[in-house]
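[1] my questions are about this predicted structure, shown below with the sequence.
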Amino acid sequence: GENVEQHPSTLSVQEGDSAVIKCTYSDSASNYFPWYKQELGKGPQLIIDIRSNVGEKKDQRIAVTLNKTAKHFSLHITETQPEDSAVYFCAASGTNQAGTALIFGKGTTLSVSS
Amino acid sequence: DAGITQSPRHKVTETGTPVTLRCHQTENHRYMYWYRQDPGHGLRLIHYSYGVKDTDKGEVSDGYSVSRSKTEDFLLTLESATSSQTSVYFCATAQGQLSYGYTFGSGTRLTVV
């Protein structure tokens, strides 16, 4: 089945700097790669996603890149702000007997200091 | 988290007792999922449902069962709770199998003592 590795586990940046979180996946059949942001005490929220037929996608200060050959994808946050501090999860679509579910990385705790 | 309600939000129970967590959605989404979140492990899939009465196991299903008798409700049962099941449990729904990503509930924090 699918396995997703996420690095780094913690990341500290200064306000205004860029932050990059990287994930690798194992199943070449995976074709959907979302990123979630989780604030303290809340459930994860989808912030951006990318499909296998696209190499890059941007939404204001966040962008995701996908390299299918190398089986890795990355989240880029530019001009970081204190409110970007949260836990970020990457995920990849995985297939088992009856269907497909998202398999998540272990998360990255991002701290943005002002 | 609008449209997905998890209950209870917090629960403390004793080892060996049965526990049922409820996920209720008003989105009319076909797919529903139960994940557990633990430090160092991220989110791990317990069980999921792809329709009423249609469920299947995820990667950490041992000790858990689920039921879905109607579209809006997905129940997770711990038949005999153990301390290793202390965790935060999240329910998620999806309109399509993977078409739109997941919407998560706010979670249930379960402590087994």
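    Alright, I've got the coordinates.

[2] any regions of chain B where pLDDT drops low?
    Counting by pLDDT under 70, the ranges of chain B that qualify are B:1-2, B:97-100.

[3] name the residues of it found near chain A, please.
    B:1, B:33, B:35, B:40-45, B:48, B:50, B:54, B:56-59, B:90, B:92, B:97-98, B:101-107 (CB under 8 Å from any CB of the partner chain). The C-beta positions use only the backbone N, C-alpha and C, and glycine is treated the same way.

[4] beta-bridge partners for A:Val64, please?
    With DSSP bridges as the criterion, A:Val64 is bridged to A:Lys57, A:Leu75.

[5] which residues touch it?
    A:33, A:35, A:48-50, A:56-57, A:73-76 (CB atoms under 8 Å, 6 or more residues apart in numbering or on different chains).

[6] re the thing from before, and the residues of chain B next to chain A, which of them are buried?
    Using 16 or more other CB atoms under 10 Å in any protein chain shown as the burial test, these include B:33, B:35, B:42-45, B:48, B:50, B:56-58, B:90, B:92, B:98, B:101-105, B:107 as buried.

[7] which ones among the residues you listed lie within strands?
    With strands taken from DSSP state E, the overlap with these comprises B:33, B:35, B:42-45, B:48, B:50, B:56-57, B:90, B:92, B:103-104.

[8] need the residues of chain A near chain B, please.
    Residues of chain A lying near chain B (CB under 8 Å from any CB): A:1, A:6, A:32, A:34, A:36, A:41-46, A:49, A:89, A:93, A:96-107.

[9] how about A:Ala19: what's its closest non-neighbour residue?
    A:Ile77 (4.5 Å; CB to CB, 6 or more residues apart in numbering or on different chains).

[10] what's the distance between that neighbour and A:Gln38?
    15 Å (CB to CB, to the nearest Å).

[11] each with direction, which strands does the worst-scoring helix or strand of chain A on mean pLDDT pair with?
    Ranked by mean pLDDT, DSSP states H and E, the weakest helix or strand in chain A is strand A:100-104, scoring a mean of 86. Strand A:100-104 sits in its sheet next to strand A:86-95 (antiparallel), going by DSSP bridges.

[12] tell me the contacts of A:Pro44?
    By CB under 8 Å, 6+ apart, the contact list for A:Pro44 reads A:36-38, A:89, B:43, B:90, B:102, B:104.

[13] now with 10 Å?
    A:34-38, A:86-89, A:91, A:104, A:107, B:35, B:37, B:43, B:90, B:92, B:102-104, B:107 (CB atoms under 10 Å, 6 or more residues apart in numbering or on different chains).
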